[in-house]
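*Asks:* here is a sequence with its predicted model. Questions after.
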Amino acid sequence: MNRQRSILHLNVADFAVAVERVADRSLCQKPIIVAPLQAARAAVYDMSDEAYNDGVRKGMLLNRASRICRSARILAPNFALYRRAMEAFVNEARSYSPIIEYGAEDGHLYLDITGTHRLFGAAPDVGWRLHRQIRNKLEIDPIWSLAANKLVSKVGSRLVKPVGEYIVADGEEQGFLAPLALQLLPGLRAAEMQRLEEFNIVKIGQLALLTRVQLYGAFGKRGETLFEISHGIDHDIVRPETAQLPTIKRGHVFNDDTAERRSLEGVANSLAAHIGMELRETRMVARRVAVALDFSDGSQVIRQATVRRGVSDDESLQNMALLALKRAVNRRTRVRSCLLTCDRLHRRSPQLPLFAEPGRGEQRREKLLAAMDTVRRRFGSEAIRVGKQAILH
């Protein structure tokens, strides 16, 4: 017999702005834009409701955003502050369940409180209590929504943004979703939404009227997913901290949008070298590198490269990055920014070789990398560049 799940979703709207206002009360009720000030083509990282209502959006170029909302106070991102605030946010929620899933400094978390009623009372009471506790202790005001799965609880949070709460009783998922716009449905891709609009389907309930066979004919294997999410069916579990795999990310925003392959390769090489140094410092190795390119027309392409055995040396990481980059650059549109993500990390094995000692060439390479890392730590990450690495500001 399946036990009814109780999934609590908490979301601090405009998390960076909310944290900045706790740190500086003079910012309250004023339009705020958070964006890197030193980048020539800086993009909006976060904005307050006041700036949003004026037309400012995340990812918008700062020059344009500042023209749209001339009265906005522009702040440089303080990621260390956001990280501490997120840790405090998670710690408050952790006292109600060890099964908690959250992102990095984004103000979102899922809490599985299934079966905790004997300790903390009914699930809605937990939501009210936790909300009050966070507001009183941290002075931030999270939205919260309660449902039987992650998908429906997330939709509930979207409905009441920027403040409020929503409770969807077990068994009412489909009726809750039916009158809502397709844009509120998580997991629906932009191309799929566009095609559904061509069929004059704009509500989740209209999508739910289609059968599995009809959806398969229009969307192939994705049809099964569309059928389930339109009916409020979600089998995804809340993934506890032990299941959240570590990643290392490094990014670069170009001063001027570029389509030059040499510039793109130089940035990819430099980002890979920075990641390699961090991997070696933590004695980690990686098996996958992903390249995400943001183009000047607003689109994004993500491609990846993998290896069977974990690596941490610059040459291997750069080769993986260049392969992923080659797969990502599939048109002539200019590139605005490049993000390198390194994951599938694990500890470097301390075990010595069983039969043969490492070759002299490998030993020399490891010594050279160690010496280069020492110089970079002392004089900066750009003190030594090898090959076609670009200078990152």
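*Replies:* That came through fine.
*Asks:* next up, the contacts around L109.
*Replies:* Residues in contact with L109 (CB atoms under 8 Å, 6 or more residues apart in numbering) are 9-10, 89-90, 93, 100-103. For glycine as for every other residue, the C-beta is placed from the backbone atoms N, C-alpha and C.
*Asks:* again, only this time at 6 Å
*Replies:* Applying CB atoms under 6 Å, 6 or more residues apart in numbering, we find L109 in contact with 10, 93, 102.
*Asks:* most neighbours out of those residues, which is it?
*Replies:* Within the contacts of L109, neighbour counts (other CB atoms under 10 Å) peak at L10, which reaches 26 neighbours.
*Asks:* report the secondary structure state of that residue.
*Replies:* Under the three-state scheme (DSSP: H, G, I helix; E, B strand; the rest coil), L10 adopts strand.
*Asks:* measure it to D125 for me?
*Replies:* Per CB to CB, to the nearest Å, L10 is found 15 Å from D125.
*Asks:* now the strands for the stretch 151-300 of the chain?
*Replies:* Ranges of strands in the stretch 151-300 of the chain, per DSSP state E, counting those that start in this stretch, are 165-167, 248-258, 284-295, 300-311.
*Asks:* rank those strands by pLDDT, which is bottom?
*Replies:* Lowest mean pLDDT within those: strand 248-258, a mean of 85.
*Asks:* partner strands of that strand, with direction?
*Replies:* Sheet pairing for strand 248-258, assigned by DSSP bridges, gives strand 335-347 (antiparallel).
*Asks:* which residues are contacting the strand it pairs with?
*Replies:* Outside strand 335-347, the residues touching it (CB under 6 Å, 6+ apart) are 246-253, 257-258, 267, 271, 275, 284, 286-296, 321.
*Asks:* burial check on the closest residue to L75 other than its chain neighbours, number of neighbours?
*Replies:* Computed as CB to CB, 6 or more residues apart in numbering, the closest residue to L75 that is not its neighbour in sequence is V34, at 5.1 Å. A count of nearby residues for V34, using other CB under 10 Å, gives 25.
*Asks:* quick one: contacts for V34?
*Replies:* Applying CB under 6 Å, 6+ apart to V34 gives the contacts 16, 45-46, 75, 77.
*Asks:* beta partners for it?
*Replies:* Going by DSSP bridges, V34 forms beta bridges with D46, L75.
*Asks:* let's see the pLDDT reported for N200.
*Replies:* Looking at N200, the pLDDT reads 94.
*Asks:* who's in contact with it?
*Replies:* By CB under 6 Å, 6+ apart, the contact list for N200 is empty.
*Asks:* how about the contacts of L109 in TSV, adding distance to T333 and pLDDT?
*Replies:* Listed next are these as TSV, based on distance: CB to CB, whole Å; pLDDT from 0 to 100:
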residue	distance to T333	pLDDT
L10	38	96
A93	42	94
Y102	34	88
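*Asks:* which of the residues you listed lies closest to L177?
*Replies:* Nearest to L177, judged by CB to CB, of the contacts of L109 is L10 at 20.4 Å.
*Asks:* how far away is that closest one from G107?
*Replies:* In this view, L10 and G107 are 8 Å apart by CB to CB.
*Asks:* got it, and L8?
*Replies:* L8 is 14 Å from G107, by CB to CB.
*Asks:* can you name the residues bridging to H108?
*Replies:* Beta-bridge partners recorded for H108 (DSSP bridges): N11.
*Asks:* pretty sure it contacts L10?
*Replies:* No - with contact defined as CB atoms under 6 Å, H108 does not reach L10; the gap is 7.4 Å.
*Asks:* pull the residues that contact stretch 81-100.
*Replies:* 16, 19, 102, 105, 109, 111-113, 120, 126, 133-134, 138, 238, 240.
*Asks:* stretch 110-126 now?
*Replies:* By CB under 6 Å, 6+ apart, the residues outside stretch 110-126 that reach it are 5-9, 93, 96-97, 99-101, 146, 150, 167, 238.
*Asks:* so which of those residues are in strands?
*Replies:* Among the contacts of stretch 110-126, the members falling in strands (DSSP state E) are 7-9, 100-101, 146, 167.
*Asks:* what score does H108 have for pLDDT?
*Replies:* H108 is assigned a predicted lDDT (pLDDT) of 91.
*Asks:* I misspoke; the intended subject was L392.
*Replies:* With respect to pLDDT, L392 has a value of 63.
*Asks:* list the contacts for the closest residue to R239 other than its chain neighbours?
*Replies:* Using CB to CB, 6+ apart and skipping residues adjacent in sequence, the residue nearest R239 is E101, 4.8 Å away. By CB under 6 Å, 6+ apart, the residues touching E101 are 110, 238-239.
*Asks:* rerun at 10 Å
*Replies:* Contact partners of E101, counting by CB atoms under 10 Å, 6 or more residues apart in numbering, are 7, 9, 90, 108-112, 150, 236-241, 243-244.
*Asks:* the nearest residue to L27 once chain neighbours are set aside is in what secondary structure piece?
*Replies:* With sequence-adjacent residues excluded and distances taken as CB to CB, 6+ apart, L27 is closest to R21, at 4.8 Å. Using DSSP states H and E, R21 sits in helix 15-23.
*Asks:* and that helix, which residues are buried?
*Replies:* Buried positions in helix 15-23, judged by neighbour count with 16 or more other CB atoms under 10 Å: 15-21.
*Asks:* what helices or strands is it leaning on?
*Replies:* strand 32-34, strand 46-47, helix 49-53, strand 73-75, helix 79-94, helix 123-138 (3 or more CB pairs under 10 Å, 6 or more residues apart in numbering; DSSP states H and E).
*Asks:* how about the CA coordinates for that helix, as CSV?
*Replies:* Taking Å, rounded to 0.1, in the frame of the first residue of the first chain, the C-alpha atoms of helix 15-23 are listed here in CSV:
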residue,chain,number,x,y,z
PHE,A,15,16.4,35.5,-2.9
ALA,A,16,19.5,37.7,-3.5
VAL,A,17,17.4,40.9,-3.1
ALA,A,18,15.7,39.5,0.0
VAL,A,19,19.0,38.8,1.6
GLU,A,20,20.4,42.2,0.7
ARG,A,21,17.4,43.9,2.3
VAL,A,22,18.0,42.0,5.5
ALA,A,23,21.6,43.2,5.5
